[in-house]
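Colleague: Fold the following and give me the result.
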Amino acid sequence: MIVMRSEERTIESGHEDDVATEVRIARREAFGVALATSAYGISFGALAVASGFDVWQTCVLSLLMFTGGSQFAFVGVIGAGGLAAAPAAIASALLLGVRNVAYGMRMSPVIGRGAFRRGLAAPFTIDESTAVSLAQRSPRARRVGFWITGVGIYLGWNLTTLLGALLGDVLGDPKTYGLDAAAAAAFLALLWPRLRKRQAIAVGIAAAAVATVLTPVLIPGLPVLVAAFVAILVGWFNWFAPKSVVRTPGEDAA
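Modeller: Presented below is the predicted three-dimensional model:
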């Protein structure tokens, strides 16, 4: 009896050590992603000021909108068409922000129950926090990854937005330094390590091809949504999965 209890304690201790290790890894990855993502908030601040926004308007956008892709689309459309393009800018930002609804549904089990907790998590449910969280294995590590990434990016993004807006006149046109492409490059860096299997590569190529073809002919935001639909379609049916692996439809998509 004593030996059995000792073995149970040893197993439990080993499990706790594994979870603690996973939490440390999640914490390290979250801080790394938060630091890297926050850095290109400078590009948004500079681009917004170059597009005609005041410093305070730029900061309010980051405080309230806090969705990198939507923010870049909003200031880009306004910068190209002025105030007359405001309806198109709002529509573009909303279309790009639709993806966060899908993230919210996926992250709901990770966040846990309770309207207060889910409401508190809503502003931080973004590309990076979702990616870091889902890359972890244990529920505790996923929660740690989500909260540190989301809150860390929110604080850092707003600070660097202010810095970029103040330095906007000094930096000049952000496109000169390639800062307008910083957001896309950072998201690609998050996506790249997941492209290890043929099916994942096929999904990425299909979505990228559709978005590239449709971008010149559709309003901003729509190509992203259509590409997402294509990615789900390709992932759901496992068309490019190895023949030797038998899976149920939709397993890779999930």
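Colleague: Could you use CA atoms for every contact and neighbour count after this?
Modeller: Noted.
Colleague: Can you give me the neighbour number for residue 228?
Modeller: Counted with other CA atoms under 10 Å, the neighbours of residue 228 add up to 20.
Colleague: likewise residue 65?
Modeller: 15.
Colleague: Could you tell me which residues within stretch 69-89 count as buried?
Modeller: 69-79, 86, 88-89 (16 or more other CA atoms under 10 Å).
Colleague: What segments of the stretch 1-150 of the chain are strands?
Modeller: Counting by DSSP state E, counting those that start in this stretch, one finds no strands in the stretch 1-150 of the chain.
Colleague: after the helix or strand of the chain with the lowest mean pLDDT comes which helix or strand?
Modeller: Every helix and strand of the chain was ranked by mean pLDDT, DSSP states H and E. The lowest is helix 182-191, at a mean of 60. Once the chain leaves helix 182-191, the next helix or strand it forms, by DSSP states H and E, is helix 198-214.
Colleague: what packs against that following helix?
Modeller: Under the contact criterion of 3 or more CA pairs under 8 Å, 6 or more residues apart in numbering; DSSP states H and E, helix 198-214 touches helix 222-237.
Colleague: returning to that earlier point: would you tell me which one of the buried residues of stretch 69-89 comes nearest to residue 146?
Modeller: Distances from residue 146 to those, taken as CA to CA, are shortest for residue 69 (19.1 Å).
Colleague: and the gap between that closest one and residue 92?
Modeller: Look at residue 69 and residue 92: by CA to CA, to the nearest Å, they are 10 Å apart.
Colleague: again with residue 129
Modeller: From residue 129 over to residue 92 (counting by CA to CA), the distance is 22 Å.
Colleague: More neighbours: which of the two?
Modeller: Using other CA under 10 Å as the criterion, residue 129 and residue 92 rank with residue 129 on top: 28 against 23.
Colleague: how close does the more buried one get to residue 119?
Modeller: As judged by CA to CA, residue 129 and residue 119 stand 15 Å apart.
Colleague: Residue 117: neighbouring residues, count only.
Modeller: When neighbours are counted by other CA under 10 Å, residue 117 comes out with 12.
Colleague: Which pLDDT value goes with it?
Modeller: If you check residue 117, the pLDDT there is 87.
Colleague: dump the residue contacts of the closest residue to it other than its chain neighbours.
Modeller: Excluding the flanking residues, the one nearest residue 117 by CA to CA, 6 or more residues apart in numbering is residue 111, at 7.2 Å. Residue 111 is in contact with 117, 118, 121, 143, counting by CA atoms under 8 Å, 6 or more residues apart in numbering.
Colleague: ok, and the most crowded of the residues you listed?
Modeller: Most neighbours among the contacts of residue 111, by other CA under 10 Å: residue 143, with 24 neighbours.
Colleague: was I right about that one contacting residue 133?
Modeller: Yes: between residue 143 and residue 133 there is a contact under CA atoms under 8 Å: 6.6 Å.
Colleague: give me phi/psi at residue 167?
Modeller: Here the main-chain torsion angles of residue 167 (degrees, to the nearest 10) amount to phi -90, psi 0.
Colleague: At which residues are the helices of the protein located?
Modeller: Applying DSSP state H to the chain gives helices spanning 2-39, 41-50, 55-64, 68-81, 86-97, 99-111, 115-121, 127-134, 139-166, 168-171, 182-191, 198-214, 222-237.
Colleague: Residue 53: neighbouring residues, count only.
Modeller: Using other CA under 10 Å, residue 53 is surrounded by 18 other residues.
Colleague: Many thanks, we can stop here.
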